[in-house]
Structure formats: structure tokens, C-alpha cells
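Asks: Build me a model:
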Amino acid sequence: MRLIDTHTHLDFPEFDGDRQPLLDNATARGVERMVVLGVHAEHFQRVWDLACAEPRVRVALGLHPVYLQQHRAEHLLELRGWLERLRGDDRLCAVGEFGLDYYLPELDPQAQQTLFEAQLQMACDVDLPALLHVRRSHAQVIATLKRYKPARAGIIHAFAGSYEEAREYIKLGFKLGLGGAATWPQALRLRKTVARLPLASVVLETDSPDMAPAMFAGVRNSPEHLPEIAGALAELMGIEVEALAEASTRNACELFAW
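Replies: Residues are numbered from 1 along each chain as shown. Next up, the predicted model:
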């Protein structure tokens, strides 16, 4: 079974003590490639260093909305510089993680929108997919995507919206990132939505070290857990896990042009 983890934060300090054995074990379990996403300008170099040192890692660079109050105008310039400098290097696969987060009340929606649109324009300019954080903001994200119409589209990370919202993203060419959230029995609406999603529109992810699946409750999440996540999601979708693995891997490879 070949798997790709399309959303991890393996550069985080939580992995400093065992990053290499973790990568080796994930590979042994079928996870052949992992995308590590930047979230802050201060993280870009360490994310890139990881990709340079580890052939199983690909990177995306972006400014996460949760760190809105720490981002500065010069960070957008810094991000553009990284994207333009690395353009054409196959270790850089996307722009992200960025988007809109309406869950946290202290995050100003207009400031988020400005940051979101600036990065979406960069993704269009450098012809890379966008890896989007969308929390309680689907309507605004969909409306913005319809205006920008990014040719390479991207992934809606940790998709937890309705089936109708899923259809809107799919129409725009986006893949839906599925991970640990739908493995929890209490996620009733999400589980019903996942069961209806077309295989051609899903990719798998862990969001390591966060969003641990139900079978690893209370444990640091890891790409090593992707086979179990895939198994639980396949059961929800009423298909064999091999079918989900094959489709999600193919979808990721097509999106990132691997």
C-alpha cells in the first residue's frame, strides 16, 4: 500500500527527538512521501532544511492565519522571495498553509482576508497549488476562490464542511484533505459527508503532530498513523483500504505534478 501524507508539520519541535526513526517507520508502513508546511516566516528555513536533508519530504511555505498578529508586511515579501527563488525546484510543491480562520474571535476577518488574498495571488503567480486552512469560513473562502480561479487549485486541509460545500470546492478543482477528524464517532455530519465524497477528490493527511485519530487518542499524531487513518476512512466510504490508498496517492501526485 502506497500512501502520501499531504499535510504534516514534521519541522515542529515535538519531533526533534525522533524525527529520523519516525520517517523510517512511516516509510516501512507505506508512507512514501510527506508534505511539510510552513506556517510563519521564522519557520521557512527549518522547513526547507528538512526537505534538503530528507528526500521523502516536500515542502509548502505560507503564513498561517492563526499567527495573524505575528505576521508583518515584510513577511509577505519574504514569502514571495522564497517562492520565486525556489520556483522550479521539485522540493517546493505548494504555497501553504494559509487561509481563513473564523473560529478564533481575536483574529480580525478583514486582516485575514488581506493576507489570504495576497498569498492566493502568489500561488497563482508562481503556478503552485494552494494548501488552505479553512475553519468556519467556507462561504468566504469559496467566494474568494471563485474570484481568483487558481489554475492549479489545491487542497482544503482537514475538510470538515458540508457535502454542498465539498461540491463547490470540487467544482473549483480542489481536493479535500481527510485525516483523523472523521475517525471519531461523534463527528456525525463529517462522517456522513466523507461517505459521499468521490474518490477522485480526496487526499489523505495527518496534520502531525495535531489531529490525532480516534485509535491514537491522546498520542502525538504522526505520518506513521496514516495506514490506520486510511483504513477507518475506507470503512466509512464502503471501499477497500487499498482502493482509497491508490486513489488518494494518484490524486496527490496529479495535484503536485509528481
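Asks: next structured bit after the host helix or strand of Cys93?
Replies: Assessed by DSSP states H and E, Cys93 sits inside strand 92-101. Remark: after strand 92-101, the chain's next helix or strand is helix 109-126, criterion DSSP H and E.
Asks: and that following helix, which residues are buried?
Replies: Residues of helix 109-126 classed as buried: Gln112, Gln113, Leu115, Phe116, Gln119, Leu120, Met122, Ala123, Cys124, Val126 (neighbour count, 16 or more other CB atoms under 10 Å). Just so you know, the C-beta spots here come from the backbone N, C-alpha and C atoms, and that holds for glycine as well.
Asks: show me what contacts Ala200?
Replies: Residues near Ala200 by CB atoms under 8 Å, 6 or more residues apart in numbering: Ala247, Asn251.
Asks: ok but it is inside a helix, no?
Replies: Yes: with DSSP: H, G, I helix; E, B strand; the rest coil as the criterion, Ala200 is part of a helix.
Asks: what about it, distance to Leu255?
Replies: Distance of Ala200 to Leu255, computed by CB to CB, to the nearest Å: 11 Å.
Asks: Likewise for Ala28?
Replies: Counting by CB to CB, the gap from Ala28 to Leu255 is 25 Å.
Asks: These two: which has the busier surroundings?
Replies: Counted by other CB atoms under 10 Å, Ala28 and Leu255 do not tie: Leu255 has more neighbours, with 22 against 9.
Asks: Need the pLDDT of the more buried one.
Replies: Predicted confidence (pLDDT) for Leu255: 98.
Asks: same thing with Asn221?
Replies: 98.
Asks: show me what contacts it?
Replies: Applying CB under 8 Å, 6+ apart, the residues contacting Asn221 are Gly180, Thr206, Asp207, Ser208, Pro209, Asp210, Met211, Ala212, Pro213.
Asks: Please apply the same query to Thr8.
Replies: Met34, Val35, Val36, Leu37, Glu205, Thr206, Asp207, Ser208, Pro223.
Asks: Hmm, Ile156 and the fifth one touching each other?
Replies: Same thing as Glu205. No: the pair Glu205 / Ile156 is not scored as a contact, 10.6 Å apart, by CB atoms under 8 Å.
Asks: you'd agree Leu23 is in a helix?
Replies: Yes: assessed by three-state DSSP, Leu23 belongs to a helix.
Asks: these two touch, right, it and Pro55?
Replies: No: counting by CB under 8 Å, Leu23 does not reach Pro55; the two are 10.0 Å apart.
Asks: if we can go back for a sec, between the buried residues of helix 109-126, which sits nearest Arg46?
Replies: Within the buried residues of helix 109-126, proximity to Arg46 (CB to CB) peaks at Gln119, which comes in at 19.6 Å.
Asks: Does that closest one touch Leu100 like I think?
Replies: No: the criterion here is CB under 8 Å, and Gln119 misses it with Leu100 at 11.0 Å.
Asks: Export only the CA atoms of the strand holding Cys93, formatted as PDB.
Replies: What follows is strand 92-101, C-alpha atoms only, in PDB (Å, rounded to 0.1, in the frame of the first residue of the first chain):
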ATOM      1  CA  LEU A  92       8.800  23.000  -3.200                       C
ATOM      2  CA  CYS A  93       5.300  21.700  -4.100                       C
ATOM      3  CA  ALA A  94       2.800  24.300  -2.900                       C
ATOM      4  CA  VAL A  95       2.000  27.600  -1.100                       C
ATOM      5  CA  GLY A  96       0.600  27.000   2.300                       C
ATOM      6  CA  GLU A  97      -0.500  26.800   5.000                       C
ATOM      7  CA  PHE A  98      -2.700  29.800   4.600                       C
ATOM      8  CA  GLY A  99      -6.400  30.600   4.600                       C
ATOM      9  CA  LEU A 100      -9.200  31.900   6.900                       C
ATOM     10  CA  ASP A 101     -10.000  31.100  10.500                       C
END
